[in-house]
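**Q** Below is the structure, and that's it, no one-letter string:
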């Protein structure tokens, strides 16, 4: 089993027994993500072909700063279109509780990896949690013109208190393969800057990450 704790109760029991607490893990497998139906207008959807694997993208407490990491995936705004993104949905799993909030960042594409930051929304509210699949409401909308972009969603949650959240993967790649970075290299991947998720985390060929952008098209 990839993850160390199934619940906070287990973590508390280990603490009381004097057993050393484990560090965060890179990966969890064996369960499909919950993908609820939405009434919101969908601008972009990448929710098919669930790989039943989830990968870490989380900002931990100070004692685990070396493990802070981010995942990101790309998408294309079609020629002539203009999108006003208000919500980001990410399919995922968590082992613990709902994350306190999420850090959402949009980037321009740079050679098949996240480049210049277009918009950054730290500590954005999670408006809905469906067994780890999160709907994140942006504090202000972001307008995107035609082009290739990347979106990163990073759960903000202390490992000791809340456990871990994992972003669900797909079996197929759309555009560039998902990216991942762990600046403190706590996981020992060597990916201190943006690298290919498959290479950084030895996913065995997972394609991309499951997400959906919601809002209005102009």
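**A** Cool, the structure landed. Not measured: the values here are computed from a predicted model.

**Q** okay, now the closest residue to residue 183 other than its chain neighbours: neighbour count?
**A** Closest residue to residue 183 apart from its sequence neighbours, by C-beta to C-beta, 6 or more residues apart in numbering: residue 192 at 5.2 Å. (C-beta placed from N, C-alpha, C; glycine too.) By the measure other C-beta atoms under 10 Å, the count of residues near residue 192 is 12.

**Q** Residue 192 sits in which helix or strand?
**A** Assessed by DSSP states H and E, residue 192 sits outside every helix and strand.

**Q** ok, it - contacts?
**A** By C-beta atoms under 8 Å, 6 or more residues apart in numbering, the contact set of residue 192 is 181, 182, 183, 184, 185.

**Q** quick one: which of those is nearest residue 151?
**A** residue 181 (14.4 Å; C-beta to C-beta).

**Q** All the helices of this protein, residue numbers only.
**A** With DSSP state H, the ranges of helices along the chain come out as 8-17, 159-162, 197-201.

**Q** re earlier: distance check, the residue nearest to residue 183 against residue 139.
**A** 29 Å (C-beta to C-beta, to the nearest Å).

**Q** re the thing from before, now the contacts of residue 192: which count as buried?
**A** By neighbour count, with 16 or more other C-beta atoms under 10 Å, the contacts of residue 192 hold 181, 182 as buried.

**Q** quick one: which of the contacts of residue 192 sit in strands?
**A** Among the contacts of residue 192, the ones falling in strands (DSSP state E) are residue 181.

**Q** And the closest residue to residue 145 other than its chain neighbours, how far from residue 99?
**A** Of all residues not flanking residue 145 in the chain, residue 82 sits nearest, at 5.4 Å (C-beta to C-beta, 6+ apart). According to C-beta to C-beta, residue 82 stands 31 Å off from residue 99.

**Q** Compare the two (neighbour count), which wins?
**A** residue 99 (26 against 13).

**Q** List the residues that contact that one.
**A** 58, 126, 134, 155, 156, 157, 162, 165.

**Q** Count the residues that sit near the third one.
**A** A count of neighbours around residue 134, defined by other C-beta under 10 Å, yields 25.

**Q** shouldn't it be in contact with residue 87?
**A** No. Contact criterion C-beta atoms under 8 Å: residue 134 and residue 87 do not qualify, at 10.3 Å.

**Q** any low-confidence regions in this protein?
**A** Scanning the chain for pLDDT under 70 picks out the ranges 1-21, 39, 205.

**Q** who touches the residue nearest to residue 67 when sequence neighbours are not counted in this structure?
**A** Excluding the flanking residues, the one nearest residue 67 by C-beta to C-beta, 6+ apart is residue 186, at 3.7 Å. Residues counted as contacts of residue 186 (C-beta under 8 Å, 6+ apart) are 23, 24, 64, 65, 66, 67, 68, 69.

**Q** what's residue 186 sitting at in phi/psi?
**A** phi -60, psi -30 (degrees, to the nearest 10).

**Q** swap in residue 34?
**A** Per degrees, to the nearest 10, the backbone of residue 34 is at phi -80, psi 130.

**Q** so who does it touch?
**A** Per C-beta under 8 Å, 6+ apart, neighbours of residue 34: 91, 130, 131, 132, 133.

**Q** surely the last one meets residue 89?
**A** Yes. Contact between residue 133 and residue 89 holds when scored by C-beta under 8 Å: they sit 7.1 Å apart.
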